[in-house]
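# Got a sequence here, can you model it:
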Amino acid sequence: MSPALRCRGMRAAVVASVGLSEGPVDSRSGRLLRPPSPAPAAPGARLLRLPGSGAGQAASPERAGWTEALRAAVAELRAGAVLAVPTDTLYGLACSASCSTALRDVYRLKGRSEAKPLAVCLGRVADVYRYCHVRVPEELLKDLLPGPVTLVMERSEALNKDLNPFTPLVGIRIPDHAFMQDLAQMFGGPLALTSANLSSQSSSLNVEEFQDLWPHLSLVIDGGPIGDGQSPECRLGSTVVDLSVPGKFGIIRPGCALESTTAILQQKYGLLPSHGSC
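Below you'll find the predicted structure:
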C-alpha cells in the first residue's frame, strides 16, 4: 500500500485507537464532533483551547483538558491531517513528516514554494540523533534545545525522502513549549513544521490571525497569544543556524534569538561564523 493511502487511513479507526471513541462521530470522516471543552469552530476545523491559554506560557500538563487535546492532535496527525499548533515563537502548521500527502497539503494550503524546506519538530534532544548526522557536542544541542532555534544539520536516512528532497540538510526544532514537546513524544515520529500563515502574509501570534486557513485544517490548537504582540521582533520566528560544517556555524535567519545563540556558539564552543553568514 502506498504511503499516501496509509496516511489517509480510516480516521475513525485512528481516533478510536487513541481513546477518543466517546461522543458523536461524523460517519463520513470518523471525526469527533464534540471537543473536550466548548469552543467556537470554523467550517472544516475544530478549535480546542489549551487549559490556561492566554497566560502567555504553556499550561501544566496535569491540568484538565491537556491530555484530551494531545489525543485529538495525535489522532489527526496519524490520519494524515494538517493542524495548527502553538510554539514558543509563532503559531505553526504541523503534519506527520512521514506522510507525503500531508506534506504536499502544507505547501498547497500555504501557497508555499516547494523549493523552501519544512523544519522537523521533535520532542527530545535524544531524538535528534535518529534523524540527523550530528557533528557538534551533545552539550551544545542541550544548550540550544529546547528553545527558539532551528538547527540545520545533515539529514539521516530515517527521514521521509519526500520531505525536502532537494537538500541533504534538515532543520530541527524542539520548541520550548510543553504542549509541542508532549505532542511530538506522544506522536512518536518526526513532525513537519512551518509557520501558520499564507506565504505572502505575516506570521501569526494568535489563532485569529490565520482564520483564512481554518477551513483547510482539521484541528486548531489555541494556546493563547504568543509574546506581547507589540514588538516586530515577536514575529521573526526561530533563529535558524547551519551546523552542517564542523567547527563553523552559519546564520540562515537571524530570528528572535540571534544574540544569545551566537554568544553560545562562539564564546562557549569556539565555533567560527561561516563565510556569508548573515
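# mind listing the helices for the stretch 101-250 of the chain?
With DSSP state H, counting those that start in this stretch as the definition, the stretch 101-250 of the chain shows helices at residue ranges 125-131, 138-144, 178-187.
# Just give me the neighbour total for residue 139.
Residues near residue 139, counting by other Cβ atoms under 10 Å, number 10. The way it works is simple: take the backbone N, C-alpha and C, and place the C-beta from them, glycine included.
# what separates it from residue 106, distance-wise?
33 Å (Cβ to Cβ, to the nearest Å).
# Mind picking out the helix or strand in this protein with the poorest mean pLDDT?
helix 11-17 (a mean of 36; mean pLDDT, DSSP states H and E).
# after the longest helix anywhere in the chain, next one along is what?
The single longest helix within the chain, with elements called by DSSP state H, is helix 66-78. Later in the chain than helix 66-78, the nearest helix or strand by DSSP states H and E is strand 83-86.
# for whichever helix or strand comes after that following strand, packing partners?
Next along the chain after strand 83-86, taking DSSP H and E as the criterion, comes strand 91-96. Helices and strands touching strand 91-96, by 3 or more Cβ pairs under 8 Å, 6 or more residues apart in numbering; DSSP states H and E, are helix 66-78, strand 83-86, helix 100-110, strand 191-195.
# show me what contacts residue 164?
Shown in contact with residue 164 (Cβ atoms under 8 Å, 6 or more residues apart in numbering): 117-118, 155, 170.
# Can you tell me, leaving aside adjacent residues, what's nearest to residue 95?
Closest residue in space to residue 95, ignoring its immediate chain neighbours: residue 102 at 3.7 Å, by Cβ to Cβ, 6 or more residues apart in numbering.
# Same check on residue 135?
Closest to residue 135 by Cβ to Cβ, 6+ apart is residue 246, at 5.0 Å.
# State the distance from the one you found to residue 253.
For residue 246 relative to residue 253 (Cβ to Cβ), the value is 21 Å.
# Which one of these two is surrounded by more residues?
A count of neighbours by other Cβ under 10 Å puts residue 253 above the other of residue 246 and residue 253, at 16 against 8.
# show me the contacts for the more buried one.
Here residue 253 is in contact with 150, 236-240, 278 (Cβ under 8 Å, 6+ apart).
# Scan those residues and report the most crowded one.
residue 150 leads those on contacts (other Cβ under 10 Å) with 28 neighbours.
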